[in-house]
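S.K.: here are the coordinates; sequence isn't available:
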């Protein structure tokens, strides 16, 4: 158990809809990362938040947004969903103290199916 | 272009045989290096990491990896594979430099099959 909790585990929705994925990081971790895993694109970095602020941005679509709350949990919002958004979405967390790198610890993911 | 390459999509080994999974990266400076394993329906579990120092690093489950700067490689090895090692293995790098934050760039993964 990595200590990173993601809910829900599975999500099935229709095209055009909006969903919210939730992540609770490990206790003490200040950074949250979101990744998308699909068969054709592999594991793609979406966005990182550190202590409530956006730190780095990757291949995140404009239809997607995220935020990190004061209690450090994070939500990834996906809107105007398309069939191609079907994927496994992972959240990861790390300590990321200033000047110190630390490994990422991943949750078990949310499997999104858009029909 | 900056990239992480895992040249083998699938590898099949016999139980008890040795294993080596290859990983090459293309970055300007030596990045931080990781290997993760993903079992079906599961998240990614950290096997080992290299930040600096000894170029041979030990990880969990009997795995080790060797960083070779001259070859820009970070290959994963295990002397004797167990059936429970069947999974998908990902090499990842965190590029050096503040501008990257701590995000990881992943290779495409290698699926390991173990035959009895």
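M.R.: Cool, the structure landed. Keep in mind it's a predicted model, so treat the numbers as computed, not measured.

S.K.: find the nearest non-adjacent residue to residue B:104, please.
M.R.: Leaving aside its sequence neighbours, residue B:104 sits nearest to residue B:92 (Cβ to Cβ, 6 or more residues apart in numbering or on different chains; 4.3 Å). For every residue, glycine as well, the C-beta is placed using N, CA and C.

S.K.: any idea which helix or strand comes after the host helix or strand of the one you found?
M.R.: Assessed by DSSP states H and E, residue B:92 sits inside strand B:87-94. Where DSSP H and E defines the elements, the next helix or strand beyond strand B:87-94 is strand B:105-106.

S.K.: partner strands of the following helix or strand past that next one, with direction?
M.R.: Next helix or strand after strand B:105-106 toward the C-terminus (DSSP H and E): strand B:110-115. Here strand B:110-115 has these sheet partners by DSSP bridges: strand B:10-14 (parallel), strand B:87-94 (antiparallel).

S.K.: the residue nearest to residue B:104: what's it in contact with?
M.R.: For residue B:92, the contact set (Cβ atoms under 8 Å, 6 or more residues apart in numbering or on different chains) comprises B:4, B:33, B:34, B:35, B:36, B:104, B:105, B:106, B:107.

S.K.: reformat the residues you listed as JSON lines; add neighbour count.
M.R.: Formatted as JSON lines, those follow (neighbours: other Cβ atoms under 10 Å in any protein chain shown):
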{"residue": "B:4", "neighbour count": "22"}
{"residue": "B:33", "neighbour count": "21"}
{"residue": "B:34", "neighbour count": "25"}
{"residue": "B:35", "neighbour count": "26"}
{"residue": "B:36", "neighbour count": "26"}
{"residue": "B:104", "neighbour count": "28"}
{"residue": "B:105", "neighbour count": "20"}
{"residue": "B:106", "neighbour count": "20"}
{"residue": "B:107", "neighbour count": "25"}
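
S.K.: what's across from the closest residue to residue A:10 other than its chain neighbours in the sheet?
M.R.: The spatial neighbour of residue A:10 that comes closest, neighbours along the chain excluded (Cβ to Cβ, 6+ apart), is residue A:111 at 5.0 Å. Beta-bridge partners for residue A:111, by DSSP bridges, are residue A:10, residue A:88.

S.K.: how far does the strand holding residue B:92 sit from the chain's center?
M.R.: In this view, strand B:87-94 has its centroid 5 Å away from the chain centroid, taken as Cα atoms, centre = their mean, to the nearest Å.

S.K.: okay, and for chain A, where does confidence drop off?
M.R.: A:98-100 (pLDDT under 70).

S.K.: where does it get nearest to chain B, residue-wise?
M.R.: Residue nearest to chain B within chain A (Cβ to the nearest Cβ): residue A:56, separated by 3.6 Å.

S.K.: that residue falls within a strand, correct?
M.R.: Yes. Assignment of residue A:56 by DSSP: H, G, I helix; E, B strand; the rest coil places it within a strand.

S.K.: quick check: bridge partners of it?
M.R.: residue A:48.

S.K.: surely it is in contact with residue B:103?
M.R.: Yes. Residue A:56 is in contact with residue B:103 according to Cβ atoms under 8 Å; the separation is 5.2 Å.

S.K.: residues shared between the contacts of these two?
M.R.: A:45, A:48.

S.K.: between the two, which one's more packed in?
M.R.: residue B:103 (22 against 17; other Cβ atoms under 10 Å in any protein chain shown).
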